[in-house]
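Undergrad: Output the structure for:
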Amino acid sequence: MRVDEVRSLERFDLPDRHPAFESQTPGRAYLTVMEGCDMFCSFCVVPTTRGREISRPAEAILREARALAARGVLELTLLGQTVNAYGRHDLRRGRAETAGTLPFATLLGRLARIPGIERIRYTSPHPLFFDEALVGAHAELAALCPHVHLPLQSGSDAVLARMRRRYTADQFRRLAERLRASRPDLALTTDLIVGFPGETDADFEATLALVRDVGFVDSYSFKYSPRPHTRAADFPDPVPGAVAQERLERLQALQRAQTLAAHRARVGSTTPVLVEGSSRRGGGQRFGRDPYHRVVNLAPGGGSGPAAGEVVTVRIAEATPHSLIGEPVL
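TA: Residues are numbered from 1 along each chain as shown. The predicted model follows:
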């Protein structure tokens with residue numbers, strides 16, 4: 001094992017970086033399966049600040065998952081900077097057995113068999129590392145939530161190349177199609193950057209077109225800002241701030257419309273909701289998330305309402321651009 005790998009493994013032993021931690025919501029926990037990143041996107045500082053990619057042994061992950069399930073955790077979210085790259089270096093170098101890692105889809109299958117674990121999520125994956133086994137897992141594993149957060153960043157091939165994302169817009173589009181063919185009700189969300197150095201009007205229009213084509217249920221969008229020690233910080237042709245702001249507003253308006261349409265399509269349906277606590281809407285409402293990672297606000301009923309950590313079946317009655325509103329099915 002190389003010295004840098006030993007140092008990477010030591011990151012998991014730091015008390016303030018424990019691999020598994022329970023969220024403030026009873027019934028939910030986060031479990032780190034790998035750290036670091038080897039992708040070196042031109043806008044990202046993670047490889048510099050967090051080091052190179054290293055995966056944890058599968059048995060350690062499964063042991064912690066079993067312990068979390070024994071404490072009443074129902075939902076696990078697997079964490080990694082490129083989480084679906086878990087174990088890839090070990091497999092490629094023929095040392096998976098000694099390193100104790102597995103293909104990512106195999107790890108998901110093992111976790112799904114743990115009694116008590118009802119939901120599994122993972123974030124954030126990289127589009128490059130969706131093999132057929134992982135795509136198929138969304139059809140085969142009932143516990144694997146029908147939601148994938150799939151960072152796009154841009155819909156322009158020219159911008160993607162400058163970002164060093166290593167895929168094209170068409171490759172991304174075909175991946176989305178494969179995922180939806182595997183699980184037709186899959187909800188896709190994404191990350192987007194506007195105003196990247198050299199982004200033209202045509203590049204931005206290509207992003208809008210791909211957002212429409214894929215039909216993201218939601219997205220996190222940002223204006224580009226340079227980060228020290230990244231390649232993009234030295235790129236020429238910066239986009240003027242006012243132009244980037246106008247593009248961001250157009251993109252977010254499109255996304256709000258798409259989100260509202262997706263939410264309205266669900267009115268009248270029922271969904272299980274893992275309750276998180278009191279809603280910011282007030283009025284005694286509770287809120288939680290459904291398997292599609294949508295926020296669902298629950299109309300107040302008698303008493304204090306369902307407890308945090310409880311899973312309740314909810315009928316969707318209303319839709320907003322930001323959340324769903326429903327009533328528990330008694």
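Undergrad: for the stretch 51-200 of the chain, what spans make up the strands?
TA: Secondary structure of the stretch 51-200 of the chain (DSSP state E, counting those that start in this stretch): strands at 54-55, 75-79, 119-123, 147-149, 187-194.
Undergrad: so what pLDDT did the spatially closest residue to Pro236 that is not a sequence neighbour get?
TA: Of all residues not flanking Pro236 in the chain, Pro197 sits nearest, at 6.7 Å (CB to CB, 6 or more residues apart in numbering). From N, CA and C alone the C-beta is placed, and that goes for glycine too. Predicted confidence (pLDDT) for Pro197: 98.
Undergrad: how close does Pro197 get to Leu210?
TA: 20 Å (CB to CB, to the nearest Å).
Undergrad: try Gly36
TA: Gly36 is 29 Å from Leu210, by CB to CB.
Undergrad: my guess is the residue nearest to Pro236 contacts Pro238, does it?
TA: Yes. With contact defined as CB atoms under 8 Å, Pro197 counts as touching Pro238 (5.4 Å).
Undergrad: Give me the more crowded residue out of these two.
TA: Each of Pro197 and Pro238 has its neighbours counted (other CB atoms under 10 Å); Pro197 has more, 19 against 15.
Undergrad: In contact with the more buried one: list those residues for me.
TA: By CB atoms under 8 Å, 6 or more residues apart in numbering, the contact set of Pro197 is 162, 224, 232, 235-239.
Undergrad: Return the longest helix along the chain as PDB; C-alpha atoms alone will do.
TA: Taking DSSP state H as the criterion, the chain has its longest helix at helix 241-264. Written as PDB, here are the backbone C-alpha positions of helix 241-264 (Å, rounded to 0.1, in the frame of the first residue of the first chain):
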ATOM      1  CA  GLY A 241     -21.400  39.400 -13.600                       C
ATOM      2  CA  ALA A 242     -24.600  40.900 -14.900                       C
ATOM      3  CA  VAL A 243     -24.700  38.400 -17.800                       C
ATOM      4  CA  ALA A 244     -24.100  35.500 -15.400                       C
ATOM      5  CA  GLN A 245     -26.900  36.800 -13.100                       C
ATOM      6  CA  GLU A 246     -29.400  37.100 -16.000                       C
ATOM      7  CA  ARG A 247     -28.500  33.500 -17.000                       C
ATOM      8  CA  LEU A 248     -29.000  32.200 -13.500                       C
ATOM      9  CA  GLU A 249     -32.400  33.900 -13.200                       C
ATOM     10  CA  ARG A 250     -33.500  32.400 -16.500                       C
ATOM     11  CA  LEU A 251     -32.300  28.900 -15.500                       C
ATOM     12  CA  GLN A 252     -34.000  29.100 -12.100                       C
ATOM     13  CA  ALA A 253     -37.200  30.300 -13.600                       C
ATOM     14  CA  LEU A 254     -37.200  27.300 -15.900                       C
ATOM     15  CA  GLN A 255     -36.500  25.000 -13.000                       C
ATOM     16  CA  ARG A 256     -39.300  26.400 -10.900                       C
ATOM     17  CA  ALA A 257     -41.700  25.700 -13.700                       C
ATOM     18  CA  GLN A 258     -40.500  22.200 -14.200                       C
ATOM     19  CA  THR A 259     -40.600  21.500 -10.400                       C
ATOM     20  CA  LEU A 260     -44.100  22.800 -10.100                       C
ATOM     21  CA  ALA A 261     -45.300  20.700 -13.100                       C
ATOM     22  CA  ALA A 262     -43.700  17.600 -11.600                       C
ATOM     23  CA  HIS A 263     -45.300  18.300  -8.200                       C
ATOM     24  CA  ARG A 264     -48.700  18.900  -9.800                       C
END
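Undergrad: could you say what helices and strands it packs with?
TA: On a contact count with 3 or more CB pairs under 8 Å, 6 or more residues apart in numbering; DSSP states H and E, helix 241-264 meets strand 187-194, helix 201-214, strand 218-223, strand 311-319.
Undergrad: ranking those by burial, who's on top?
TA: Among the helices and strands packed on helix 241-264, ranked by average contacts under mean count of other CB atoms under 10 Å, first place goes to strand 187-194 (a mean of 22).
Undergrad: For the stretch 1-150 of the chain, which residues score under the pLDDT cut-off?
TA: Counting by pLDDT under 70, the stretch 1-150 of the chain has low-confidence residues at 1-19.
Undergrad: Next, count neighbours for Ala105.
TA: As a burial measure, Ala105 scores 21 neighbours (other CB under 10 Å).
Undergrad: quick one, helices of the protein?
TA: Secondary structure of the chain (DSSP H): helices located at 3-10, 46-50, 58-70, 88-92, 96-99, 104-112, 132-140, 157-163, 169-182, 201-214, 241-264.
Undergrad: Ala261: which of the strands of the stretch 51-200 of the chain is closest?
TA: Evaluated with CB to CB, the strands of the stretch 51-200 of the chain place strand 187-194 nearest to Ala261, the distance being 12.8 Å.
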